[in-house]
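1. Sequence first, then the predicted structure:
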Amino acid sequence: MHKKVKVLGATVFGLLLLAACATLDQSDFLRSGGSKDAGFVEISWDQTRIDNGKGASTGSLNEASAACREWGFTGGAEQPMSQPEERCVSLRGMGCGRFVMSQKFRCLR
């Protein structure tokens, strides 16, 4: 019985470590707002409590640049206009289990 508990514990621990090392994929980023006339785009993505945000800065900038280019801004997007804003969308245990992160980027001509 103790051997099964140890194996189960090691499996759960390994899965948690793997999840903590996960990086965000480009498909995780969505355009959630912005204004072509004002020259900015807002990008959003989901992030869990155990996510470390790896890939968030690159992925969100890539998505913002693509959106700006579609609007005719040949320079894509520059670094974010502000820090990411987070909104809790799922409470878990002692705090928030899942967030929606949003960040605004200025489009470049």
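-> Nice, I can see it.

2. Now the terminal residues of stretch 47-58, how far apart.
-> According to Cα to Cα, to the nearest Å, stretch 47-58 extends 15 Å from its N-terminal end residue to its C-terminal end residue.

3. Now do that stretch: distance to the chain's middle.
-> Averaging C-alpha coordinates over stretch 47-58 and over its chain gives two centres that are 5 Å apart (Cα atoms, centre = their mean, to the nearest Å).

4. Look up the residues forming beta bridges with the residue most central in space within the chain.
-> Nearest residue to the geometric centre of the chain (Cα atoms, centre = their mean): W45, 4.0 Å. When bridges are assigned using DSSP bridges, the partners listed for W45 are M101.

5. isn't it right up against M101?
-> Yes. Taking contacts as Cβ atoms under 8 Å, W45 lies within contact range of M101: 5.4 Å. Every residue, glycine included, has its C-beta placed from N, CA and C.

6. that older thread, relative to G34, how far out is the residue nearest to the centre of the chain?
-> Distance from W45 to G34, counting by Cβ to Cβ, to the nearest Å: 15 Å.

7. Below-threshold pLDDT in this protein: ranges please.
-> Filtered on pLDDT under 70, the chain yields the residue ranges 1-27, 52.

8. where exactly do the helices run in it?
-> In the chain, the segments counted as helices under DSSP state H are 2-20, 56-70.

9. hmm, back to that, quick one, what contacts the residue nearest to the centre of the chain?
-> For W45, the contact set (Cβ atoms under 8 Å, 6 or more residues apart in numbering) comprises 24, 28-30, 56, 59-60, 100-101.

10. Kindly reformat those residues as TSV containing neighbour count and distance to P80.
-> Output for the contacts of W45, formatted as TSV (neighbours: other Cβ atoms under 10 Å; distance: Cβ to Cβ, whole Å):
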residue	neighbour count	distance to P80
L24	21	15
D28	17	17
F29	25	13
L30	15	16
A56	20	10
G59	19	12
S60	28	7
V100	16	16
M101	20	11
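
11. Pull the most distant pair out of the residues you listed.
-> Of all pairs drawn from the contacts of W45, the widest gap by Cβ to Cβ lies between G59 and V100 and measures 14.6 Å.
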